[in-house]
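Q: Return a 3D structure for these sequence lines:
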Amino acid sequence: SYVDPPLGRTVTSEETSQAVQDLEASGWLEESLSLAEWYPERPYFSSSSYLRDMEHYYDRLDELQDELAQYDAMVIVGGSGAMVDLANNQRLHDLILGFVKTEKPVAAECYGVTCFAFARSLEDRRSIIWGKHVTGHPVEYDYKDGTGFAQTGDTNFGPPFYPLEYILRDATGPDGQYHGNVGHRTSVIVDFPFVTSRSTASSYECGRVLVEVMRKGLRRYGW
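A: Numbers count the residues shown, from 1 in each chain. Predicted coordinates:
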C-alpha cells in the first residue's frame, strides 16, 4: 500500500510483499556468503610493502575467477541502501569485474546501477559501461527531503546522495547512452552483459528479461 512519492503510485504488489516476508522468515539469507571473507581488500597505496601486497591481491583475484564458473548470473538490488554500502564497495566492484570477464550477465536495479559506473580496472580506470546503453533512476523520479528516502528511525539522509542519471550519462561516454524513459511505466535495458533496470516498478520486467538473456541468448533489449 506504500505509494512511491515521485511516481505517485504503488510499486510493490501484496504478493511480492508476502514473498519477501516469507523469504526473510525462512532463514535462507542467514546462509549467505560474506563478501568481506570471500574477496580481498585492495592494499593501500601508501603501504610499505605495496608491490608485494598487490601481487597477493591479484593472485587471489585470479583464484576467485575460477570459483565464479559455478554461477550463471549476478543481480544487484537497488534502493537507498545501495548508496550506502554498494556504490563504492571495492570488493563488490571486483566481483562485478569477475563476472564481466566470464561474459556472464550482470543485472542491476535502480541505484544499484551505480556499481557499474564505478567498477573499474586499475589499468585504465574507465567505467565498464563506457560505450554501453543503460537505464537507472532519473532525476524526475528522485526523492526530495522528507519523502521517504533513506530514513531509519530518527535519521533522515535527505535527498539522494548523488543524482544517478548524471553519473550514468558521464560513465557511458559519447558512444553509449543513458535512457531514462521518463513517462513510460517501466525501463529495462539490455546491452550485454549488462541488464539495467530503472526502479522498483521495473523489477518484474528486469527479472523476466534476465531469464531471456540466460535462456535465449538475448543480447539487446529496450533501445
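
Q: okay, CA-based contacts and neighbour counts for the rest of this
A: Will do.

Q: State the pLDDT value of the residue of the chain most remote from its centre.
A: Most distant residue from the mean C-alpha position of the chain: S48, 33.9 Å away (CA atoms, centre = their mean). As predicted, S48 sits at a pLDDT of 94.

Q: Pick out the residue nearest the middle of the protein.
A: Note: the chain centre (CA atoms, centre = their mean) maps to G112, 3.1 Å.

Q: Kindly provide the distance from the closest residue to that residue other than its chain neighbours to D154.
A: In this structure, G112 finds its nearest non-sequential neighbour in G78, 4.3 Å apart by CA to CA, 6 or more residues apart in numbering. Going from G78 to D154 by CA to CA, to the nearest Å gives 22 Å.

Q: before we move on, back to that, V113 is in contact with the residue nearest to G112, correct?
A: Yes: contact criterion CA atoms under 8 Å: G78 and V113 qualify, at 7.5 Å.

Q: All the strands of this protein, residue numbers only.
A: 3-4, 9-10, 74-76, 106-109, 133-134, 151-152, 155-156, 177-178, 188-191, 194-197, 220-221 (DSSP state E).

Q: what separates the first one from the chain centre, distance-wise?
A: Counting by CA atoms, centre = their mean, to the nearest Å, strand 3-4 is centred 22 Å from the centre of its parent chain.

Q: any idea of the pLDDT on the spatially closest residue to G98 that is not a sequence neighbour?
A: Excluding its sequence neighbours, the residue lying closest to G98 (CA to CA, 6+ apart) is Q65, at 6.1 Å. What the model reports for Q65 is a pLDDT of 95.

Q: likewise H137?
A: 90.

Q: and G78 and V113? which has more neighbours close in?
A: V113 (31 against 23; other CA atoms under 10 Å).

Q: for the more buried one, what are its contacts?
A: By CA atoms under 8 Å, 6 or more residues apart in numbering, the residues touching V113 are I76, G78, T135, G136, T196, S197.

Q: Present those as TSV; the columns should include distance to V190.
A: Converted to TSV, the contacts of V113 look like this (distance: CA to CA, whole Å):
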residue	distance to V190
I76	15
G78	17
T135	9
G136	12
T196	7
S197	9
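
Q: In those residues, find the pair that's most separated.
A: Farthest-apart pair in these is I76 and T135; separation 13.9 Å (CA to CA).

Q: Those two: who's more crowded?
A: Taking other CA under 10 Å, I76 and T135 do not tie; T135 has more neighbours (28 against 19).
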